[in-house]
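# Build the 3D model from these lines:
(one chain, ligands or ions: 1)
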Amino acid sequence: MEKKVALITGGSRGIGKKIAEEFAKNGYNLVINYISDGTDLKQLEEEFEKIGAKTLFIKTDVSNFLACEEMTKKAIETFGKIDVLVNNAGITKDGLLMRMKEEDFNKVIDINLKGTFNVTKNVIPYMMKQKDGRIINISSVVGVTGNAGQSNYAASKAGIIGFTKSLAKELASRNIRLNAVAPGFIETDMTEVLSDTVKENINSQIALKRMGTAEEVAKVVYFLGSDQSSYITGQVINVDGGMVI
Ligand code: NAP
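Now for the predicted structure:
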């Protein structure tokens with residue numbers, strides 16, 4: 001049987017890499033988008049190959065619409081289709097609003113929210129033609145609750161939720177499902193920068209009293225991309241150890 005294809009933005013490390021692994025383990029070929037040159041792609045390609053997946057790596061800044069159009073075309077040229085899109089690429093540029101520079105607000109919105117639009121807008125026509133598709137957008141609990149010092153990030157992640165819910169309504173008749181995953185605090189490079197005191201303080205506010213792993217997020221993303229979730233669309237699933245109840 002022809003293999004399914006998953007495109008994962010920011011898929012070369014952190015949560016995105018674990019999501020890619022999960023799809024590879026379940027028989028998918030991969031299109032991995034990335035932006036920086038910090039990852040050994042050859043080694044990563046071999047890792048995915050061992051699990052049975054062919055991988056196309058595409059270096060693209062998701063905040064650039066035309067570059068996302070090119071990326072989508074390359075993915076289609078290589079694999080002929082995209083069954084699952086995971087909009088995972090994201091950044092933080094934290095600070096209280098009083099001190100936040102306009103460029104820090106714009107950058108976070110451009111990559112997190114506009115990037116999600118840029119890739120989705122280019123992938124959707126192919127999914128509509130297939131009359132099949134699943135899109136999982138990575139939001140954050142902060143997009144649900146807000147967080148002091150993260151007004152730009154929270155706005156981008158709340159925007160992703162509105163975008164997801166609207167498109168779930170627009171595209172359901174085309175058999176395209178969209179859902180958002182809202183992780184709490186997950187052990188990755190993004191949270192590695194926090195001090196031990198901040199981490200202890202965060203853990204104390206989580207019902208399960210620990211940070212989550214990228215794998216725990218990846219399993220939920222895979223579920224939403226699979227037929228196991230065939231009656232779920234337009235939802236936000238918190239993966240946060242009970243941080244927000
Ligand atoms: P991470 O380790 O910092 O990885 C971020 C990923 O985004 C990297 O793969 C990076 O690519 C990619 N990226 C950044 N800017 C990009 C751009 N302009 N174009 C394309 N790719 C770009 O972060 P993470 O913790 O895995 O987070 C993944 C997602 O989960 C993000 O959307 C984040 O907001 C969300 N999230 C994380 C947490 C958490 O606690 N970690 C909590 C809630 C939500 P390169 O590797 O090429 O640099």
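# What residues of stretch 214-230 count as buried?
Going by neighbour count (16 or more other Cβ atoms under 10 Å), the buried part of stretch 214-230 is 214, 216-218, 220-226, 229. For glycine as for every other residue, the C-beta is placed from the backbone atoms N, C-alpha and C.
# Let me know the closest of these to the ligand.
The shortest approach to the ligand among those belongs to Ala214, at 6.3 Å (Cβ to the nearest ligand atom).
# was I right about the closest one contacting Gly11?
No - applying Cβ atoms under 8 Å, one finds Ala214 not in contact with Gly11, separated by 11.5 Å.
# shared neighbours of the two, anything?
Common contacts of Ala214 and Gly11, defined by Cβ atoms under 8 Å, 6 or more residues apart in numbering, comprise 17, 19.
# on that earlier part again, what about the buried residues of stretch 214-230, which are in helices?
When DSSP state H is applied, these are split such that 214, 216-218, 220-225 fall in helices.
# Tell me the first helix or strand C-terminal of the helix or strand of the chain with the lowest mean pLDDT.
Across the helices and strands of the chain, the lowest-confidence element by mean pLDDT, DSSP states H and E is helix 189-192, at a mean of 88. Using DSSP states H and E, the helix or strand that follows helix 189-192 in sequence is helix 196-204.
# Is that next one in proximity to the ligand?
No - for helix 196-204, no contact with the ligand is found by Cβ under 6 Å from any ligand atom; the gap never falls below 9.5 Å.
# go on, stretch 129-146?
Yes - interface with the ligand: stretch 129-146 contributes 138, 140 (Cβ under 6 Å from any ligand atom).
# burial measure for Leu96, as a count.
For Leu96, the tally of surrounding residues (other Cβ atoms under 10 Å) stands at 10.
# Thought Gly149 was touching it, still the case?
Yes - between Leu96 and Gly149 there is a contact at 5.5 Å, judged by Cβ under 8 Å.
# my read is Val86 is in a strand, agree?
Yes - assignment of Val86 by DSSP: H, G, I helix; E, B strand; the rest coil places it within a strand.
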